[in-house]
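# show me the folded form of this:
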Amino acid sequence: AALTTLLLPGTLSRRAAGSSAAPPPVSADGGPRDFTAAKVGSQLAFIRESLQQQQKRKGGQQSSDAASDVRLVEALLQTTEALVWGEKNDSTLFSLFCEAKLLPVFVATLLAPGTAQSVRVQLLQSLAILVANARHTTTTYYLFSGGHLNTLLSGNPDLRDEEVRAYFVTFVKSLAMRLDMETAPLFLDQRALAAGDADSFPLFAQAVRFACYKDRMISTAARTALLSLLRVDSPQVHHCAISATQQLLAPSLAHALRVAWISAAAAVKHWDAETLCRCLDAEEDLYGFLNDLLELNVGDVTEALMSFILVDALLPLISALAPQVAYPEQDPGQSTRTAMAGLGVAKAATGEEDVHSSANDVFATLDLDMEEP
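Reported below is the predicted structural model:
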């Protein structure tokens, strides 16, 4: 209910926040809202036809009749309101939604390049609200099964618009928070799983994509989704989440930390206090998320984070701080032996054999034979 309130202020959010069943809300003119099967069925038919027209538009094409987009958005809003009300009072309304096979139409329209941005926003709002307010098992499994939402998550929806991007991540979060050991496996790509691909968990991959995003509300929603997915008590889902953490999340966080440190160093060098404050704030934010991940007490997650942060963030930082000089009284090979000893410590700490190649890239940047001026 709280998610719905955030997503859609107004009548629908107030209705969804109620704790008990109630008659249909009143319309703008004070009369009762018509949530009869006939009315909802008519709206669904109009929505289906209008969405199919949206799919036929070419990318970048503007609507010749902007009023049609407004009518479609209003119809989507009212129908979503009716379906949420029906979950509490009349389950036959959602049956009409199923019979109209609108879910794949929603997904196809979101993936179509010519869909109006206002329509994209409302489709994502509607999907997030339906997911958050699904009360019946049949409703939940209709939304989650069939691979339709996975098609959206694995696809390439147009997220250039900031508002669309925000609602997409909210949708990802609403999905992640509704999954459990029984429903989460429905969001695994079995073909990718068989191939050992990191894309076997598209929902997790989309959340990783925005976990370090510049907009704090978007990154927070993505991180909430990730933490929720890592808590799912399903062996197969856990395996895919760990694999995606190792291949996607840990490298992304290590890179973000390294960028924050480099940017902070540049800000100090140029006496840019404002940029330095932003960098330190971003660093603190990343530490908070890392702490949340470590508090999950999942060994494979902790190991992946330690490994990538050490090799991809800390070692480059240490190499940048090291003096690029060689001491005349020192055995010429001593610098190399010292470096390799440090590499042994890194390998022991991470347990990763491939740390050798990563560290070699770091040490290659040092001129160990440079004479001190």
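# give me the mean pLDDT for stretch 115-126.
Per-residue pLDDT over stretch 115-126 has a mean of 95.
# list the buried residues of that stretch.
115-116, 118-126 (16 or more other C-beta atoms under 10 Å). C-beta here means a position set from N, CA and C on the backbone, and glycine is covered the same way.
# what about Asn156, distance to Lys214?
21 Å (C-beta to C-beta, to the nearest Å).
# same check, this time on Leu248
From Leu248 across to Lys214, the span is 19 Å (C-beta to C-beta).
# neighbour count for those two, which is higher?
Ranked by neighbour count (other C-beta atoms under 10 Å), Leu248 and Lys214 place Leu248 first, with 19 against 9.
# surely that one and Val208 touch.
Yes: under the criterion of C-beta atoms under 8 Å, Leu248 makes contact with Val208 at 4.6 Å.
# report the distance from stretch 161-173 to the chain centre.
Stretch 161-173 has its C-alpha centroid displaced from the chain centroid by 9 Å (C-alpha atoms, centre = their mean, to the nearest Å).
# so for it, mean pLDDT?
96.
# list the buried residues for it?
Applying 16+ other C-beta under 10 Å to stretch 161-173 flags 164-173 as buried.
# for stretch 225-239, which positions count as buried?
Using 16+ other C-beta under 10 Å as the test for burial, stretch 225-239 gives 225-230, 232, 234, 236-238.
# hang on, I meant stretch 275-295
Result for stretch 275-295 [16+ other C-beta under 10 Å]: buried residues 276, 278-279, 282-283, 285-286, 289, 293.
# contacts for it?
Residues lying outside stretch 275-295 but in contact with it, judged by C-beta atoms under 8 Å, 6 or more residues apart in numbering, are 211-212, 216, 219, 223, 227, 230, 253, 256-257, 260-261, 263-264, 266-268, 301-302, 305, 309.
# out of those residues, which are buried?
211-212, 219, 223, 227, 230, 253, 256-257, 260-261, 263-264, 267, 301-302, 305, 309.
# what is the longest helix along the chain packed up against?
Longest helix of the chain, by residue count under DSSP state H: helix 66-89. Secondary-structure packing of helix 66-89 (3 or more C-beta pairs under 8 Å, 6 or more residues apart in numbering; DSSP states H and E): helix 11-17, helix 37-55, helix 92-99, helix 117-133.
# quick one: end-to-end length of stretch 142-159, please.
Chord length of stretch 142-159, first to last residue, is 26 Å (C-alpha to C-alpha, to the nearest Å).
# and it, how far from the chain's centre?
Going by C-alpha atoms, centre = their mean, where stretch 142-159 is centred and where its chain is centred differ by 13 Å.
# begin at 6 from now on, thanks
Done: numbering now begins at 6, and the last item shifts to stretch 147-164.
# check which residues of that stretch are buried.
In stretch 147-164, counting by 16+ other C-beta under 10 Å, buried: 147-149, 153-155, 157-159, 162-164.
# Ser100: which of the residues you listed is nearest?
Nearest to Ser100, judged by C-beta to C-beta, of these is Tyr147 at 9.5 Å.
# which SS class is that closest one?
Tyr147 falls in the helix class when you classify it by DSSP: H, G, I helix; E, B strand; the rest coil.
# burial of the nearest residue to Cys245 once chain neighbours are set aside, as a residue count?
Among residues not flanking Cys245 along the chain, Phe206 sits closest, at 4.2 Å (C-beta to C-beta, 6 or more residues apart in numbering). Number of residues near Phe206 (other C-beta under 10 Å) recorded here: 30.
# contacting residues around Leu116?
Contacts of Leu116 by C-beta under 8 Å, 6+ apart are 156-157, 160-162.
# recalculate using a threshold of 7 Å.
157, 160, 162 (C-beta atoms under 7 Å, 6 or more residues apart in numbering).
# among those residues, which lie within helices?
Among the contacts of Leu116, the members falling in helices are Leu157 (criterion: DSSP H).
# which one among the buried residues of stretch 280-300 gets closest to Leu107?
Leu107 lies nearest to Phe294 out of the buried residues of stretch 280-300, by C-beta to C-beta, at 36.3 Å.
# from Trp276, how far out is that closest one?
Where Trp276 is concerned, Phe294 sits at a distance of 29 Å (C-beta to C-beta).
# ok, Ala325 next?
Applying C-beta to C-beta, the value for Ala325 to Trp276 is 19 Å.
# tell me which of those two has more neighbours.
Ala325 (14 against 8).
# gap between Tyr73 and Val124?
No Tyr there; residue 73 is Ser. For Ser73, the distance to Val124 equals 10 Å [C-beta to C-beta].
# I meant to write Val237 there.
On the measure of C-beta to C-beta, Val237 and Val124 end up 32 Å apart.
# could you do Lys178 as well?
Going from Lys178 to Val124 by C-beta to C-beta gives 21 Å.
# could you do Leu285 as well?
41 Å.
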